[in-house]
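Q: Give the three-dimensional model of this entry:
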Amino acid sequence: MKLLRTRPASRQTHWRGVFGQVCNRLVTAYGRPTLGNYRDPVREILYIVLSAKTTERLYQRAYRGLKRRYKTLPQLADADIAGIEDCIRGAGLAKKRAPQIQKLAQKLIADLGPNPSRKLRKLEPETAFRYLVGLPGVGPKSALCVMTMSLDADVFAVDANVQRVAGRLGALPDNLKHYEAQKRLPSLVPIGRSRDLHVGLVIHGRRICLPRAPRCDGCVLLDLCKFGKTRMRDQIGS
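A: Purely as a prediction, here's the structure:
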């Protein structure tokens with residue numbers, strides 16, 4: 001998988017300009033929060049694996065429980081599966097995730113030694129991406145999130161919030177599969193703005209651009225948004 005995908009020059013230039021404005025407005029509105037992510041890539045990998053298909057409150061609690069019991073990666077690699085399950089049960093899918101987490105810890109140590117974070121930081125982006133997606137429980141989106149939040153890579157991860165907001169702005173067709181959105185969006189993001197834009201779109205999707213009943217009347221992106229302008233015109237005309 002290429003981390004960037006070339007798009008027609010005119011479209012790319014247009015949307016880089018739009019997303020530059022979007023990014024500036026979202027940073028002004030929300031600042032530059034971490035979303036609970038970690039600068040240490042190994043901690044971030046475990047955190048993201050636990051975050052899939054569950055709520056923020058539950059996966060953060062599961063992660064804290066895991067770190068309280070297993071303070072080092074070798075302890076986690078040698079842990080009993082039942083013990084890991086007990087720590088993460090509240091986040092759901094414990095029987096699936098517990099062996100993933102143990103195998104993940106074992107593989108990181110086997111491949112990268114006792115301090116895998118240091119070696120991960122030295123990898124080139126394409127190499128880091130290939131390695132991360134080979135870890136148990138880590139898919140392309142998770143790998144890109146780790147790279148953005150912990151490895152300072154200028155790569156762009158597309159989650160459901162990012163895809164929804166970008167689609168409503170008009171950058172993506174309706175009913176696009178997630179993997180297609182992940183292919184299309186990175187080349188439309190201004191260079192050097194990936195992290196701020198990703199975080200801003202995630203927060204905006206959670207607070208304002210909701211799946212149902214989006215709060216268009218209070219949206220800082222309304223004048224840039226194809227969906228929002230149409231929706232507001234329809235409300236005024238009805």
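
Q: Roughly how far does residue 86 sit from residue 51?
A: As defined by Cβ to Cβ, to the nearest Å, residue 86 lies at a distance of 19 Å from residue 51. (Glycine included, C-beta is placed from N, CA and C.)

Q: Show me which of the two is the more surrounded one.
A: Neighbour totals were compared for residue 86 and residue 51, and residue 51 leads with 21 against 15 (other Cβ atoms under 10 Å).

Q: thought that one was touching residue 61?
A: No - Residue 51 is beyond contact range of residue 61, at 11.6 Å (criterion: Cβ atoms under 8 Å).

Q: quick one, domains of the protein?
A: Per the record, the chain has its domains at 9-33+157-237, 41-150, by automatic domain parsing.

Q: Tell me who's in contact with residue 137.
A: Contacts for residue 137 (Cβ atoms under 8 Å, 6 or more residues apart in numbering) come out as 49, 52, 97, 100-101, 104.

Q: sorry, that was for residue 217
A: Counting by Cβ under 8 Å, 6+ apart, residue 217 touches residue 232.

Q: For it, report the pLDDT, please.
A: pLDDT, residue 217: 94.

Q: Counting neighbours, what do you get for residue 98?
A: Residues contacting residue 98 under the criterion other Cβ under 10 Å number 22.

Q: and it, what is it in contact with?
A: Shown in contact with residue 98 (Cβ under 8 Å, 6+ apart): 81-82, 84-85, 88.

Q: Compare the residues you listed and tell me which is most surrounded.
A: When neighbours are counted by other Cβ under 10 Å, residue 88 leads the contacts of residue 98 with 25 neighbours.
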